[in-house]
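**Student:** Would you be able to build a 3D model of this:
(6 chains)
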Protein chains: 6
Amino acid sequence: MVLPNQMVKSMVGKIIRVEMKGEENQLVGKLEGVDDYMNLYLTNAMECKGEEKVRSLGEIVLRGNNVVLIQPQEE
Amino acid sequence: MVLPNQMVKSMVGKIIRVEMKGEENQLVGKLEGVDDYMNLYLTNAMECKGEEKVRSLGEIVLRGNNVVLIQPQEE
Amino acid sequence: MVLPNQMVKSMVGKIIRVEMKGEENQLVGKLEGVDDYMNLYLTNAMECKGEEKVRSLGEIVLRGNNVVLIQPQEE
Amino acid sequence: MVLPNQMVKSMVGKIIRVEMKGEENQLVGKLEGVDDYMNLYLTNAMECKGEEKVRSLGEIVLRGNNVVLIQPQEE
Amino acid sequence: MVLPNQMVKSMVGKIIRVEMKGEENQLVGKLEGVDDYMNLYLTNAMECKGEEKVRSLGEIVLRGNNVVLIQPQEE
Amino acid sequence: MVLPNQMVKSMVGKIIRVEMKGEENQLVGKLEGVDDYMNLYLTNAMECKGEEKVRSLGEIVLRGNNVVLIQPQEE
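**Tutor:** Numbers count the residues shown, from 1 in each chain, chains lettered A, B, ... in the order given. This is a model prediction of the structure:
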């Protein structure tokens, strides 16, 4: 069995797509850091509506309990 | 008494349907991993509106506190 | 004083009605298991709109933090 | 300083009014039990829209994290 | 660095304004008690829409996880 | 790997932009304090709709679990 947190930690250094509670669009960026609460630190982050880029966000920290879904994102 | 987490762990390796807070549709996929917070790691995941497939999602991690309902799904 | 979790544990084996955050309708089913986080495992579950049955759900696990209200349900 | 949980425990045996996340109306009933998570066990509970009674609920358990506001209710 | 909980504890005995998840308006009252979960016990509480008083609430307990924002309120 | 909380602590003393669950607009202010739950204490805080200032808020404490996104803000 692969634990969910192990899976997320394996994405560090890669581009991921995150759906958040309280955010209409998704957030795509390079995963720089994650902790046991699934708090996430992304760089070069963008707000995306599907494949369409809405705006650049740069460095962002996302609060774990408001993360809904995390997905590896093809570069 | 069967504990809820035992029940979910018994679904590892099987197809499950998950309803999430913050997601209009359901998520169906193979349960690869679950932890004590009910964080879930699914593969071959799809977003479904009832029985209708909306889109493929591939590998996804779902944050436990935003899980509302988990159901075994007939293959 | 009767502790809330004691009260829920006393409902194991009986039919209960549950209101969930993120679910428009209520869930009615036999309570098979509950833990200290009020995660719930129900069998023969149905989705109900008041007294009207909307659909059968079979075996379901409900995440405790999204439980709003639990009520014993007359059989 | 009076700690919030002390205050709630002092309401055991009395009628209280509770506002819940995920519930449009308020819940009024006799507080039979409360724990450190502010999970609540009420008896003779009613669903109320202001002072107007909507329906009887009997015995109910309310999940603490979805409690928004607790108020002593004049009998 | 001033820790957030220290800041809130320094407001005990003073009037504060609180924004809650699940509450359209704000809550203004005298902070009588707070704990490490930011559960709050207020007296002489009022529901306010900006500066306009909507209704008196008297003694209230607010559940910490549904607190969004706390602000000292000029008397 | 840079842990998310380390990243937020590195922003103490600087201006940040915060998106909160339950708040339509964003909150911009000087980060004075943060704890392990990502509770935040800001001074000279403003409510902003994008780059447009909506109102001044002065000193505010924000509850960690309702934080969605934290971003350093160019001065």
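
**Student:** What parts of chain A come near chain F?
**Tutor:** Proximity of chain A to chain F (CB under 8 Å from any CB of the partner chain) is limited to residues A:12, A:20-23, A:27, A:32-35, A:39-41, A:57-63, A:65-66. C-beta: built from backbone N, CA, C; applies to glycine.

**Student:** Residue C:63 versus the most centrally placed residue in chain A, what's the distance?
**Tutor:** Centroid-nearest residue in chain A, with CA atoms, centre = their mean: residue A:18, separated by 3.9 Å. Distance, residue A:18 to residue C:63, by CB to CB, to the nearest Å: 20 Å.

**Student:** For the residue nearest to residue A:53 when sequence neighbours are not counted, which residues are in contact?
**Tutor:** Distance criterion CB to CB, 6 or more residues apart in numbering or on different chains; nearest residue to residue A:53, sequence neighbours excluded, is residue A:46 at 5.2 Å. By CB atoms under 8 Å, 6 or more residues apart in numbering or on different chains, the residues touching residue A:46 are A:27-29, A:53-57.

**Student:** again, only using 7 Å
**Tutor:** By CB atoms under 7 Å, 6 or more residues apart in numbering or on different chains, the contact set of residue A:46 is A:28-29, A:53, A:56-57.

**Student:** Kindly state the pLDDT recorded for it?
**Tutor:** pLDDT recorded at residue A:46 is 97.

**Student:** That one: which element?
**Tutor:** Using DSSP states H and E, residue A:46 falls within strand A:40-49.

**Student:** Which strands border that strand, and is each parallel or antiparallel?
**Tutor:** Looking at strand A:40-49 with DSSP bridges, its partner strands are strand A:26-34 (antiparallel), strand A:52-62 (antiparallel).

**Student:** For the residue lying closest to residue A:11 once chain neighbours are set aside, grab the count of nearby residues.
**Tutor:** Using CB to CB, 6+ apart and skipping residues adjacent in sequence, the residue nearest residue A:11 is residue A:31, 5.2 Å away. Per other CB atoms under 10 Å in any protein chain shown, the neighbour tally for residue A:31 reads 24.

**Student:** And residue A:31, how close does it get to residue A:46?
**Tutor:** Counting by CB to CB, the gap from residue A:31 to residue A:46 is 14 Å.

**Student:** quick one, what contacts residue A:48?
**Tutor:** Counting by CB under 7 Å, 6+ apart, residue A:48 touches A:25-26, A:28, A:54.

**Student:** can you pull up the bridge partners for the residue nearest to the centre of chain A?
**Tutor:** Residue A:18 has these beta-bridge partners by DSSP bridges: residue A:27, residue A:70.

**Student:** which stretches of chain A have low pLDDT?
**Tutor:** When residues are selected by pLDDT under 70, none of them lie in chain A.

**Student:** And the residue of it closest to chain D?
**Tutor:** In chain A, no residue comes nearer to chain D than residue A:65, which is 10.7 Å away by CB to the nearest CB.

**Student:** Just give the number of residues close to that residue.
**Tutor:** For residue A:65, the tally of surrounding residues (other CB under 10 Å) stands at 22.

**Student:** where does the residue of chain A found nearest chain E fall, phi/psi-wise?
**Tutor:** Ranked by CB to the nearest CB, the top residue of chain A for proximity to chain E is residue A:65, at 9.2 Å. In terms of degrees, to the nearest 10, the main-chain angles of residue A:65 are phi -70, psi -20.

**Student:** what residues are up against it?
**Tutor:** Contacts of residue A:65 by CB under 7 Å, 6+ apart are B:65, F:65.

**Student:** Please apply the same query to residue A:33.
**Tutor:** Contacts of residue A:33 by CB under 7 Å, 6+ apart are A:12, A:41, F:1-4, F:7.

**Student:** Mind telling me the two of these farthest from one another?
**Tutor:** Across those, the longest distance by CB to CB is 13.5 Å; it joins A:12 and F:7.

**Student:** which of those two has more neighbours?
**Tutor:** Remark: of residue A:12 and residue F:7, residue F:7 carries more neighbours, 21 against 16, as counted by other CB under 10 Å.

**Student:** helix/strand/coil for the more buried one?
**Tutor:** Under DSSP: H, G, I helix; E, B strand; the rest coil, the three-state class of residue F:7 is helix.

**Student:** My guess is it contacts residue A:42. True?
**Tutor:** No: here residue F:7 does not reach residue A:42: they are 9.8 Å apart, not a contact under CB atoms under 7 Å.

**Student:** re the thing from before, any idea how far residue F:12 is from the residue of chain A closest to chain E?
**Tutor:** Residue A:65 is 22 Å from residue F:12, by CB to CB.

**Student:** now residue A:66
**Tutor:** Taking CB to CB, one finds residue A:66 at 22 Å from residue F:12.

**Student:** picking that back up, which one of the strands paired with strand A:40-49 is the most hemmed in?
**Tutor:** Ranked by mean neighbour count, the strands paired with strand A:40-49 are led by strand A:26-34 with a mean of 21 (mean count of other CB atoms under 10 Å in any protein chain shown).

**Student:** Tell me how far the residue nearest to the centre of chain A lies from chain C.
**Tutor:** Distance of residue A:18 to chain C, computed by CB to the nearest CB, to the nearest Å: 19 Å.

**Student:** Find the closest residue to chain C in chain A.
**Tutor:** For chain A and chain C, the shortest gap (CB to the nearest CB) falls at residue A:65, measuring 9.2 Å.

**Student:** what comes up buried for the strand holding residue A:46?
**Tutor:** Judged by neighbour count (16 or more other CB atoms under 10 Å in any protein chain shown), strand A:40-49 contains these buried residues: A:40-42, A:45-48.

**Student:** okay if I get those residues as CSV plus distance to residue A:72?
**Tutor:** Formatted as CSV, the buried residues of strand A:40-49 follow (distance: CB to CB, whole Å):
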residue, distance to residue A:72
A:40, 13
A:41, 17
A:42, 13
A:45, 15
A:46, 16
A:47, 19
A:48, 15
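
**Student:** Please give me every residue in contact with the residue of chain A most remote from its centre.
**Tutor:** Centroid-distance maximum for chain A: residue A:1 at 22.6 Å, with CA atoms, centre = their mean. Contact analysis of residue A:1 by CB under 7 Å, 6+ apart lists B:12, B:32-33.

**Student:** The residue lying closest to residue A:71 once chain neighbours are set aside: how many residues sit nearby?
**Tutor:** Computed as CB to CB, 6+ apart, the closest residue to residue A:71 that is not its neighbour in sequence is residue A:17, at 4.6 Å. If you count neighbours by other CB under 10 Å, residue A:17 ends up with 18.

**Student:** With the one 5 residues further on instead?
**Tutor:** Applying the criterion other CB under 10 Å, we find 18 residues in the vicinity of residue A:22.

**Student:** and it, what does it touch?
**Tutor:** Going by CB under 7 Å, 6+ apart, residue A:22 touches A:66, F:19, F:21, F:68.
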